Structure formats: structure tokens, C-alpha cells
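1. quick check, what structure comes out for this input:
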Amino acid sequence: MAHEHDQDNDREALFERIKDIRFGMLTHRGDNGILHAHPLTTLNKEIEQQGQLYFFIPRGQELHQRLQADSQTNVSYANPEEDCYVSISGNATFIEDKKRKEELWTPMAKAWFPEGPEDPNLVLLAVQVRHAEYWDVKESKMTQLFKMATAALTGERPKGLGEHREVEL
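-> Numbers count the residues shown, from 1 in each chain. Below you'll find the model as predicted:
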């Protein structure tokens with residue numbers, strides 16, 4: 001039971017770090033093996049028990065095709081103002097659920113999908129979070145600079161520059 005509670009806390013801590021970051025960079029492997037990244041708007045208002053992130057993508061385009069061939073993805077988020085960085089690895093699936101699309105619909109999505117949630121070009125991409133890492137730096141910029149300068153002078157790695165954590169979901 002404690003393990004389930006830890007996962008709930010980890011999931012909430014992870015989402016707390018990304019919920020206000022508008023775009024994530026979703027990376028996938030291209031057909032030539034080279035990694036490609038796409039900026040996508042995260043649709044979640046909260047993280048669900050199943051630990052999925054949701055995005056709208058166009059049907060039949062390169063991203064849709066590549067994720068059908070290889071579902072492994074990475075979504076990275078950066079909030080430089082808060083010195084918070086998150087990397088999420090998972091598996092992509094596609095959801096053809098009209099109700100779910102309507103629940104996640106935003107007015108901004110209309111620019112890409114003019115027919116709304118029923119647009120035949122609209123695909124709901126779900127990334128099942130498997131592993132995540134985050135880096136939080138709580139010290140002020142001055143403290144960070146001082147610690148890095150000290151490390152550069154002493155040849156020792158800077159210590160106490162925030163929190164780094166790995167999360168398995």
C-alpha cells in the first residue's frame with residue numbers, strides 16, 4: 001500500500017512541476033533513426049491515476065506515422081524562470097474517444113483543427129509516463145553563480161544546487 005501512496009505522491013509532484021508550462025517538446029525516433037522533436041501543448045489540467053499526458057496531433061502526418069511505428073517517446077519541459085527542468089519517458093498510444101477529445105478541447109486547438117473536437121484530422125495522443133526525472137534549483141541566481149564559481153576554482157563539483165530526482169510510474 002505504501003508503494004501506491006508513493007506513486008501517487010510522485011505523480012502529483014511531477015505534474016506540479018509541469019502543469020504551468022504551456023509546451024512540451026515531444027521527441028521520437030524518425031525512420032532513419034535520428035531523433036526528432038515537436039513542440040506540443042499539454043492538454044492535461046491534472047494528472048490522472050493512469051499517469052498519462054495528452055496532446056492533439058494531426059492524423060497521418062509524420063509524428064502520427066512515426067509514433068505508430070515506434071511508440072517510445074520523451075517529453076521534456078523547461079521553466080528557466082523557476083529553474084525547473086523535467087524529462088518524461090513513456091509510450092505513445094492513440095485514443096479515439098469523442099467525449100475525451102471534447103473534455104480536453106481548448107479554443108487554441110481550433111487553429112490546427114478548425115472542425116473542433118470532431119475534426120477527422122484530430123488524433124488524441126496519450127503518452128503513458130513510465131519514467132521521469134526532474135531538476136529543481138531553489139537557490140537564488142547569485143547563490144548558484146557563487147557555488148559554480150567556487151566549484152570552478154576548487155575543481156570540485158558544485159554541491160547543493162537543488163534537487164534531482166528520478167520517478168518510476
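2. where does residue 47 land in three-state SS?
-> Following DSSP: H, G, I helix; E, B strand; the rest coil, we place residue 47 in the coil state.
3. need the contact list for the most centrally placed residue in the chain.
-> The centroid of the chain falls nearest to residue 75 when counting by C-alpha atoms, centre = their mean (3.9 Å). Residues counted as contacts of residue 75 (C-beta atoms under 8 Å, 6 or more residues apart in numbering) are 24-27, 40, 42, 53, 87-88, 90, 127. Backbone N, C-alpha and C define where each C-beta goes, glycine included.
4. buried residues in whichever strand or helix holds it, which are they?
-> For residue 75, the host element (DSSP states H and E) is strand 72-79. By neighbour count on 16 or more other C-beta atoms under 10 Å, the buried set for strand 72-79 is 73-78.
5. which of those lies closest to residue 58?
-> The shortest approach to residue 58 among those belongs to residue 73, at 16.4 Å (C-beta to C-beta).
6. beta-bridge partners for the closest one, please?
-> residue 90 (DSSP bridges).
7. would you confirm that it contacts residue 26?
-> Yes - with contact defined as C-beta atoms under 8 Å, residue 73 reaches residue 26; the gap is 5.8 Å.
8. by mean pLDDT, which helix or strand of the protein comes out lowest?
-> The least trusted helix or strand in the chain, going by mean pLDDT, DSSP states H and E, turns out to be helix 141-154, with a mean of 47.
9. which elements pack onto the helix or strand harbouring residue 128?
-> Here residue 128, judged by DSSP H and E, is contained in strand 122-136. The helices and strands touching strand 122-136, judged by 3 or more C-beta pairs under 8 Å, 6 or more residues apart in numbering; DSSP states H and E, are helix 2-18, strand 52-58, helix 62-69, strand 84-95, helix 98-104, strand 163-168.
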